[in-house]
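Student: everything below, folded, please.
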Amino acid sequence: MTAATLHLAVAALQSATLAGVVRDSVDLHPVGSARITVTATGDGATEVTGSSDRYGAFVVPGVPAGTGVRVRVVAHGYEEWARTYTAPPRAPLRVLLAPAPAGLEGLEVVASGGLGGPIAGARDAYVVDSLVIRSVPVVGEPDVLRATAVSPSASAASDFASVPLVRGGTSGQTPVLLDGARLFNAFRLGGFLSAINADVVDRAALLPGAGGDGFAVGSLSGAFDIATRDGSRDRVRTFGALGLASGRVAVEGPLGDRSSYLVSGRHTWIGALTRTLAALGIAETRIPYSFRDLHGKVVTDLGGVRRLSVSGYLGSEWLEELLESGDNDYHSCPDLPQGEEWSVRGKYGSDNAALSVHYRDRLGGGAIIDASSGVGRFAGRIDSIVGVSCDVTDSPTSRALMTEARTDLRVVWPVGRSTVTVGALATLFDGDHMFSESEFDDVFEPFDLRRGHARLALHSSAEVPLGRGLSARTGLRADRFVGLETTLAPFAELSYEASWWRARVGAARSHQALASMRNEESLVASYVAYDLLVPVAEGPVPRNTEYTLGWEGRSGRLRVRIDAYRRTLDNLRLPPIGNVPLEGFVLGDPALWEKASGAARGVEVSWSWVRERGLSVLGSYRWARVERTVGELTYTPRFHRDHELEAALSWRTGSSSWSAKWSLRSGQPFTEWVEAWGRIIGGEYNAGRMPRYARLDLGWRRESETSWFGGGHLVPYISVANLLNRTNIVAARPEHHEERGLVQEYRRQLPVIPFFGVEFRR
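Tutor: Numbers count the residues shown, from 1 in each chain. From the prediction side, this is the model:
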């Protein structure tokens with residue numbers, strides 16, 4: 001037996017492990033981010049701490065054995081729970097926290113609930129819950145992914161995209177996980193709205209890097225990890241909303257003594273609304289668009305930390321657009337009588353689906369095993385429909401199909417005062433995409449490809465306290481990309497924690513075989529967020545290497561986090577920059593593109609001041625540089641901004657609440673043009689900067705009781721996006737005017753837009 005093994009064995013004999021689950025005492029929802037403190041009653045000095053995870057479960061190793069202990073559990077928005085035991089309990093504890101009265105009164109403040117602020121519950125993640133989501137002024141409807149844009153790590157490419165980009169990465173490098181299953185193109189209306197109903201979200205975590213909580217994901221640019229709520233186990237509840245262009249409803253309740261369910265659905269009537277406005281002369285044309293989605297979740301409590309859950313999502317959307325029409329003449333359509341009307345319409349439709357199963361159990365004395373399996377699927381289709389036969393009989397059809405199945409097994413167990421995690425992940429991806437020449441051939445490059453790949457991964461990590469406030473996290477991940485290569489990805493972090501602040505320094509590496517078919521330099525990419533993925537045709541696979549330095553401090557309600565990072569991206573597949581990049585294809589085949597590289601570095605500052613009533617503030621500032629190198633050309637991508645300042649404020653008084661969000665950002669890059677010899681000639685690519693971006697959103701809501709429909713609460717809300725009607729710019733193109741000569745033509749982002757609706761719950 002080695003000295004290290006003997007030391008661990010002696011430590012294990014002298015200590016015990018405390019496990020249990022923390023729940024809300026009213027509806028029995030799991031309470032995450034609760035802090036558990038265990039103190040030995042014999043000397044009153046020996047103290048160990050832990051925290052509950054998203055399922056409310058906790059495991060606290062290193063509890064003194066052979067003596068009495070006092071257990072304290074504290075969570076934001078709840079009263080303290082405390083018990084004293086003559087010896088550490090061997091059976092799992094069931095901790096029921098009573099909501100604090102002040103927390104019930106301050107329902108609408110920013111960052112209320114069980115988190116205490118987005119940066120309070122994790123070292124490197126940015127976590128928001130459903131109350132934070134609703135505290136940001138509504139743009140369309142409460143949006144889980146738009147709310148994460150308050151984080152300095154996230155940056156929206158334009159006002160039309162609800163899914164932000166992370167630390168200079170692109171959408172294909174940052175997966176959206178819904179209860180463990182991948183949700184492709186997790187948005188609606190071209191990217192304007194999230195595909196996920198905010199009413200069912202428990203919390204959404206933005207994992208900005210490859211280390212820490214993002215280590216097990218194995219992507220290039222972090223992930224959005226979205227967890228939905230468990231259904232209530234005390235009684236049936238109904239909630240939902242009716243808005244200007246959409247509605248949603250959800251029902252939750254118990255299934256017997258140990259299980260619960262949650263079902264929600266959304267539907268839009270944008271087509272009917274715009275048709276009515278056009279008939280009244282308020283709008284010029286109708287928009288024949290609609291979407292709907294359905295989500296369901298069933299959870300069974302098997303006792304202690306043991307649980308089984310099944311979560312499923314299904315959504316669809318469709319749009320029909322008139323591409324071309326006219327009265328026939330013998331030159332355009334000789335088969336039709338002269339004067340006969342003809343038309344060509346484009347019809348787009350897509351379906352999203354995600355299904356996941358999760359099982360948790362105890363393994364041995366203190367270990368917890370998590371086993372999950374999930375599948376995500378996206379299917380899109382574009383048809384050109386000829387209204388009357390005119391020279392063609394078969395309309396061209398385009399398709400897009402992505403499927404990813406993943407199985408994840410993870411074991412976490414305490415060793416002394418350390419925590420070890422070992423996991424295995426198997427992923428199968430299949431992509432089948434085809435686009436033929438049609439009315440859209442100026443937007444999509446013709447392609448017909450089908451590629452799949454299998455990925456097998458083993459990863460192990462450990463968190464080890466070193467004493468005197470120092471601790472270390474380290475790990476190693478091995479990935480087998482079948483048919484391509486095998487990679488190793490290490491992770492290491494050293495941290496120090498004092499009474500009111502902590503600091504950390506870390507490094508990590510990650511790989512992925514999936515490449516995006518999306519060209520971010522195209523003008524269309526600023527308006528349409530859809531992305532298609534395929535595995536790279538040959539190795540080496542894309543690689544990310546990053547270094548981080550962080551500091552976090554707290555004083556009362558104030559929390560501040562500062563992060564600095566530097567990352568390099570290798571083996572990317574990017575399209576070459578053509579003569580007119582803005583007019584390039586938005587989708588193409590990465591196998592025909594060039595191997596490229598990228599780099600990003602920046603400093604991020606985020607802060608939060610959270611109160612139960614009155615004023616609460618969230619804010620962030622980010623400075624960053626992002627580069628891409630294709631061939632001999634190094635440039636700044638169109639989506640990047642060097643500076644971004646975000647501030648979200650909420651004021652709760654009585655039954656009313658006001659919210660505001662202010663965004664101030666530097667301009668995005670564009671290519672400056674000059675006129676010479678009667679021609680427009682481009683200068684250095686993306687060397688210019690568009691005017692700075694500024695936008696103020698304002699929201700108001702008021703809660704009141706009602707006796708309608710058996711009683712409940714009604715919450716009317718009003719919000720205005722871009723209240724000052726600021727002319728923000730998404731792109732600049734050169735235009736030649738006879739009188740003014742060469743001028744820049746600017747494409748505008750969102751104008752001032754009001755939204756209103758009413759929420760209900762009973």
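
Student: count of neighbours near Ser372?
Tutor: Neighbours of Ser372 under the rule other C-beta atoms under 10 Å: 20. C-beta coordinates here come from the backbone N, C-alpha and C atoms, glycine included.

Student: in contact with it, which residues?
Tutor: Contacts for Ser372 were tallied using C-beta atoms under 8 Å, 6 or more residues apart in numbering; they are 180, 356-359, 407-408.

Student: equivalent analysis for Ala537, please.
Tutor: Ala537 touches 451, 590-591, counting by C-beta under 8 Å, 6+ apart.

Student: and the residue minimising distance to the centre of the chain, what element?
Tutor: In the chain, the C-alpha nearest the mean C-alpha coordinate belongs to Phe224, at 3.3 Å (C-alpha atoms, centre = their mean). Here Phe224 sits within strand 223-228, counting by DSSP states H and E.

Student: helix/strand/coil for Thr274?
Tutor: Assigned with DSSP: H, G, I helix; E, B strand; the rest coil, Thr274 falls in the helix class.

Student: how far away is it from Ser316?
Tutor: Using C-beta to C-beta, to the nearest Å, we find Thr274 at a distance of 19 Å from Ser316.

Student: equivalent analysis for Ala122, please.
Tutor: 34 Å.

Student: cool, Asp432 as well?
Tutor: Per C-beta to C-beta, Asp432 is found 19 Å from Ser316.

Student: over to Ala599?
Tutor: According to C-beta to C-beta, Ala599 and Ser316 sit 39 Å apart.

Student: repeat that for Arg399.
Tutor: Applying C-beta to C-beta to Arg399 and Ser316 gives a distance of 15 Å.

Student: and for Arg566?
Tutor: Shown here: Arg566 relative to Ser316, a distance of 42 Å by C-beta to C-beta.

Student: likewise for Ala648?
Tutor: Distance, Ala648 to Ser316, by C-beta to C-beta: 32 Å.

Student: which one's more surrounded, these two?
Tutor: Ala648 (25 against 16).

Student: got the buried residues for the helix or strand hosting that one?
Tutor: Element membership for Ala648 (DSSP H and E) is strand 643-653. Of the residues in strand 643-653, 644-652 count as buried by neighbour count, 16 or more other C-beta atoms under 10 Å.

Student: please export the C-alpha coordinates of stretch 250-268 as CSV.
Tutor: Taking C-alpha atoms only, stretch 250-268 is exported to CSV below (Å, rounded to 0.1, in the frame of the first residue of the first chain):
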residue,chain,number,x,y,z
ALA,A,250,-48.9,25.1,-18.7
VAL,A,251,-50.4,22.6,-16.2
GLU,A,252,-48.5,20.9,-13.3
GLY,A,253,-49.4,18.7,-10.5
PRO,A,254,-48.9,15.5,-8.5
LEU,A,255,-49.1,11.9,-9.8
GLY,A,256,-49.6,9.9,-6.7
ASP,A,257,-47.4,10.4,-3.7
ARG,A,258,-44.0,10.3,-5.3
SER,A,259,-44.4,11.6,-8.8
SER,A,260,-45.3,14.9,-10.6
TYR,A,261,-45.9,16.1,-14.1
LEU,A,262,-45.5,19.4,-16.0
VAL,A,263,-47.0,20.0,-19.5
SER,A,264,-46.9,23.2,-21.5
GLY,A,265,-47.7,24.4,-25.0
ARG,A,266,-47.3,27.6,-27.1
HIS,A,267,-48.9,28.8,-30.3
THR,A,268,-48.6,32.0,-32.3
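
Student: contacts for that stretch next, please.
Tutor: Contacts for stretch 250-268 (C-beta under 8 Å, 6+ apart): 28, 188, 197, 199-200, 228-240, 245-249, 289-302.

Student: three-state assignment of Leu277?
Tutor: Per three-state DSSP, Leu277 ends up helix.

Student: tally of neighbours for it?
Tutor: Each residue near Leu277 was counted by other C-beta under 10 Å, and the total is 15.

Student: most neighbours among the contacts of Ser372, please name it.
Tutor: Within these, most neighbours by other C-beta under 10 Å means Ser356, with 24 neighbours.

Student: what's the helix or strand for it?
Tutor: For Ser356, the host element (DSSP H and E) is strand 341-363.

Student: what lines up beside the helix or strand that that strand is followed by in the sheet?
Tutor: The element immediately downstream of strand 341-363 (helix or strand, assigned by DSSP H and E) is strand 367-386. In the sheet, strand 367-386 lines up against strand 341-363 (antiparallel), strand 397-415 (antiparallel) (DSSP bridges).

Student: least reliable of those strands by average pLDDT, please.
Tutor: Least confident of the strands paired with strand 367-386, judged by mean pLDDT, is strand 341-363 with a mean of 84.

Student: picking that back up, list buried residues within the contacts of stretch 250-268.
Tutor: 28, 188, 197, 199-200, 228-233, 237, 239-240, 245-249, 289-291, 293, 295-299, 301.

Student: any chance you could map the strands in the stretch 601-750 of the chain?
Tutor: Using DSSP state E, counting those that start in this stretch, the strands found in the stretch 601-750 of the chain span residues 614-630, 633-635, 643-653, 656-665, 669-670, 673-676, 679-682, 688-689, 693-702, 704-706, 712-721, 729-737, 741-748.

Student: which residues are in contact with stretch 573-582?
Tutor: Outside stretch 573-582, the residues touching it (C-beta under 8 Å, 6+ apart) are 515, 519, 521-523, 536, 542, 584-585, 588, 590-591, 593-596, 628, 630-631, 633, 635, 671, 682, 685, 731, 733.
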